[in-house]
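A.B. asks: Mind folding the following:
(chains A, B and C)
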Amino acid sequence: MIPASEKIFQDKVDQDIRIEPKDWMPEAYRKTLIRQISQHAHSEIVGMLPEANWITRAPSLRRKATLIAKVQDEAGHGLYLYSAAETLNISRDEMIGQLHSGKAKYSSIFNYPTLTWADMGAIGWLVDGAAIMNQVPLCRASYGPYARAMVRICKEESFHQRQGFEILLVLSRGSEGQRRMCQDAIDRWWWPSVMMFGPNDDASPNTAQSMQWKIKRFTNDELRQRFIDVSAEQVKLLGMRLPDDQLRWNEERQHYDFGPIDWEEFRNVINGNGPCNKERLAARVKAHTDGAWVRDAALAHAEKRAKAQKQDQEAA
Amino acid sequence: MQTNDTGNDHGSWPLWEIFIRSKQGLDHKHVGSLHAADAAMAIANARDVYTRRMEGISIWVVESRHIHASNPDEATSFYDPANDKVYRHPTFYDLPDELKHM
Amino acid sequence: MSLQHTIDYTLHLADNALVLGHRNSEWTGHGPILEQDIALSNIALDLIGQARYLYQYAARLMNEGGERKPASMTRGEITEDVLAYLRDSWDYKNSLLVELANDDWGKTVLRQFFFSTYQYFFYRQLQRSRDSELSAIAEKALKEVTYHLRWSSEWVIRLGDGTEESFSRMTKALGELWPFTGELFQPADYERSLVPAGIAVDLESIKPFWEQRVKEVLDTAGLTIAVEKEWMQGGGKQGKHTEQLGYLLAEMQFLQRAYPDCEW
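C.D. replies: Here you go, the predicted structure:
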């Protein structure tokens, strides 16, 4: 027999009534949400690194400014998500600890290197494009703080994708070297972006439960198909090609057929063997470690101030 | 866990809840939270993170531990891009009309 | 006073803003805590924004005045990007303070504090410039700089009066940065020539304000300047830089140099 509280909870979810921090929720729901939200947050933070690489080398002042703004947005997104996760009774420090120890995962895509300026375009167009596809449905996620964070994130994300596409568009209309740069970046970022949607549905045991809880609104394969369909059209405007010989419009399915995904690569990258896993994590750990004296000092100063204020009040 | 005069666990910056009243707004709305070592920093951070430094906005910060709640029914907050950061507007980019889904 | 002096003056201001904005942007993704990553990136964006207005103005003056383009440029007119990406370090006129490597967070916030205090009093004066473009840019920039000044002051105090470690790092940073603060108030020839016409700020007039504000904050932070009348480093305004600018520009300008005459 289902306990009353759980029934009330599921009824709310079914009726699209938001679950808020003080509401009763199944422990499994809470744990899953913590993992999902913090993983998303970690992805935003780690995701800053491959793009931050190119800030000092951005080839025009306008690009420099917009790239800084984009990476800064990603910091903000991480912050909104950590904030949402903290309402579920886990601290930012705990989550950071999980990331740094390797216990928590983040999106595999950020373990790939950014080798040329065109990568900034490819990441904006494909990686953010894939992220948007995933995130828009989550604006109606069942957990209130998560949904609200997603709404704010989605508003900012659309400029990221357009920025990326525009970078590639300009390159595609440029010199021979620039056109080569554009195609090369697409060649390297396409498959990792397709893998961003996760394993096939039949290899995703958690999907059914997540969908019932409405913390996932579409399956991995559904989103992936949508992404491929949309991107296959968009790439034509660049005069470039996606690196998939089997990519073909299927009139019957009304979708694009596409080639096989290298799940071996995906598994390896997720498990720490990607080109940049070690560097990404090392950079985050270094920033945190190097920053310890700063955080300690700020706290010590706040304590001194609080003490002084107390003494002033007592003396008055 | 030992607490200091600011009442926090040693070593971590306290969590603050942020409330913003927009230029045209009537009340402060809860927009989220962030970590800061003191109130001045919390306000500065809130300005950076939640308003992208729009002028004429009122910010309240309260340490999360000081908030007592029944069942919060928070309104969704309104996001306004900072006016001169034109490139934050999706419409700023000159993209072909045929481009769909962006 | 001549058009060339106004151009040089504008480039000096633009170079200051760009180089410091660039240095600050190096922290993106590596700050001590997420919220501060955002704060410093915002400051970098403001500075780059100021630089862009100033470069655009300088470019306009140069195009109107029939200025010769830098040797490495083959296309028609001078733009903000030509000025930022195709001048070598001997043409850069920024003060040395802003090109120094970041080192740790303490040195970064202290450098920001020294520079923002200068920019605050400087732009406050420049608002009254007879050059309407410069005064307009100053007015806009002043709002941002007011915030930079408050942010950096608070951090200098936090770190000066924090832990023993933060105090010793700030003391070290102060010793390293102080010799570069003098140049902020040493006018270049092009600055001096523009003062009588009311175009440039008379640096002598703002120096006392800077000194007072700096002293107040350093006192609150518990930091003392070891040698008051120290020999000051200079030359940046005249294009004689530290070894660090060369590396900074090499990184910043690489793409434009490797793929000349391209749109990005």
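A.B. asks: list the contacts for the spatially closest residue to A:Asn277 that is not a sequence neighbour?
C.D. replies: Setting aside the residues directly before and after it, A:Asn277 is nearest to A:Asn111 in space (Cβ to Cβ, 6 or more residues apart in numbering or on different chains), at 4.7 Å. Placement of C-beta: from N, CA and C, glycine included. A:Asn111 sits next to A:269, A:274-277, A:280 when contact means Cβ atoms under 8 Å, 6 or more residues apart in numbering or on different chains.
A.B. asks: any idea which of those is the one closest to chain C?
C.D. replies: Ranked by distance to chain C (Cβ to the nearest Cβ), those are led by A:Arg280 at 10.1 Å.
A.B. asks: in chain B, what residue is nearest chain C?
C.D. replies: Closest point on chain B to chain C, by Cβ to the nearest Cβ, is B:Asn45, at 4.2 Å.
A.B. asks: Quick one: neighbours of that residue, just the number.
C.D. replies: 26 (other Cβ atoms under 10 Å in any protein chain shown).
A.B. asks: which residues touch the helix or strand containing it?
C.D. replies: Per DSSP states H and E, B:Asn45 falls inside helix B:39-50. Identification of contacts with helix B:39-50 by Cβ under 8 Å, 6+ apart yields A:76, A:79, A:298, B:16, B:18, B:20, B:31-32, B:34, B:36, B:53, B:57, B:59, B:61, B:77, C:35-36, C:38-39, C:42, C:147, C:150-151, C:154.
A.B. asks: try 7 Å this time
C.D. replies: Applying Cβ atoms under 7 Å, 6 or more residues apart in numbering or on different chains, the contact partners of helix B:39-50 are A:76, A:79, B:16, B:18, B:20, B:31-32, B:34, B:36, B:53, B:59, B:61, C:35, C:38-39, C:42, C:151, C:154.
A.B. asks: So for the longest helix along chain C, what gets flagged as buried?
C.D. replies: Secondary structure of chain C per DSSP state H: the longest helix is helix C:34-64. By 16 or more other Cβ atoms under 10 Å in any protein chain shown, the buried positions in helix C:34-64 come out as C:34-62.
A.B. asks: what packs against that helix?
C.D. replies: In terms of contacts (3 or more Cβ pairs under 7 Å, 6 or more residues apart in numbering or on different chains; DSSP states H and E), helix C:34-64 is packed against helix A:61-86, helix B:39-50, helix C:3-25, helix C:80-85, helix C:132-160.
A.B. asks: Mind checking the ones you listed for the one nearest to A:His255?
C.D. replies: A:His255 lies closest, by Cβ to Cβ, to one member of the helices and strands packed on helix C:34-64: helix A:61-86, at 30.0 Å.
A.B. asks: can you give me the offset of the closest one from its chain's centre?
C.D. replies: Relative to its chain's centre, helix A:61-86 lies at 11 Å (Cα atoms, centre = their mean, to the nearest Å).
A.B. asks: and that helix with chain B, contact?
C.D. replies: Yes - under the criterion of Cβ under 7 Å from any Cβ of the partner chain, chain B is reached by helix A:61-86 at A:66, A:69, A:76, A:79-80, A:83, A:86.
A.B. asks: what's the answer for stretch A:22-40, then?
C.D. replies: Yes - counting by Cβ under 7 Å from any Cβ, chain B is contacted by stretch A:22-40 at A:Lys22.
A.B. asks: Check stretch C:124-138 too.
C.D. replies: No - Stretch C:124-138 does not reach chain B (Cβ under 7 Å from any Cβ); its nearest approach is 12.8 Å.
A.B. asks: Over to stretch C:77-91?
C.D. replies: No - against chain B, stretch C:77-91 shows no contacts by Cβ under 7 Å from any Cβ, the least distance being 14.8 Å.
A.B. asks: in that stretch, what counts as buried?
C.D. replies: C:78-87, C:89.
A.B. asks: need those in CSV with distance to C:Lys237 and pLDDT, can you?
C.D. replies: Conversion of the buried residues of stretch C:77-91 to CSV gives the following (distance: Cβ to Cβ, whole Å; pLDDT from 0 to 100):
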residue, distance to C:Lys237, pLDDT
C:Ile78, 21, 94
C:Thr79, 23, 95
C:Glu80, 20, 97
C:Asp81, 23, 97
C:Val82, 21, 96
C:Leu83, 16, 97
C:Ala84, 17, 98
C:Tyr85, 21, 97
C:Leu86, 20, 96
C:Arg87, 14, 97
C:Ser89, 13, 96
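A.B. asks: in the residues you listed, which two residues are the furthest apart from each other?
C.D. replies: Using Cβ to Cβ, the buried residues of stretch C:77-91 reach their maximum pairwise distance at C:Thr79 and C:Ser89, which is 19.8 Å.
A.B. asks: just for chain B, where's the confidence low?
C.D. replies: B:1-11, B:53-56, B:70-93 (pLDDT under 70).
A.B. asks: got the contact list for the residue in it positioned nearest to chain A?
C.D. replies: Residue of chain B nearest chain A, by Cβ to the nearest Cβ: B:Ala37 (3.5 Å). Contact partners of B:Ala37, counting by Cβ under 7 Å, 6+ apart, are A:298-299, A:301-302, B:13.
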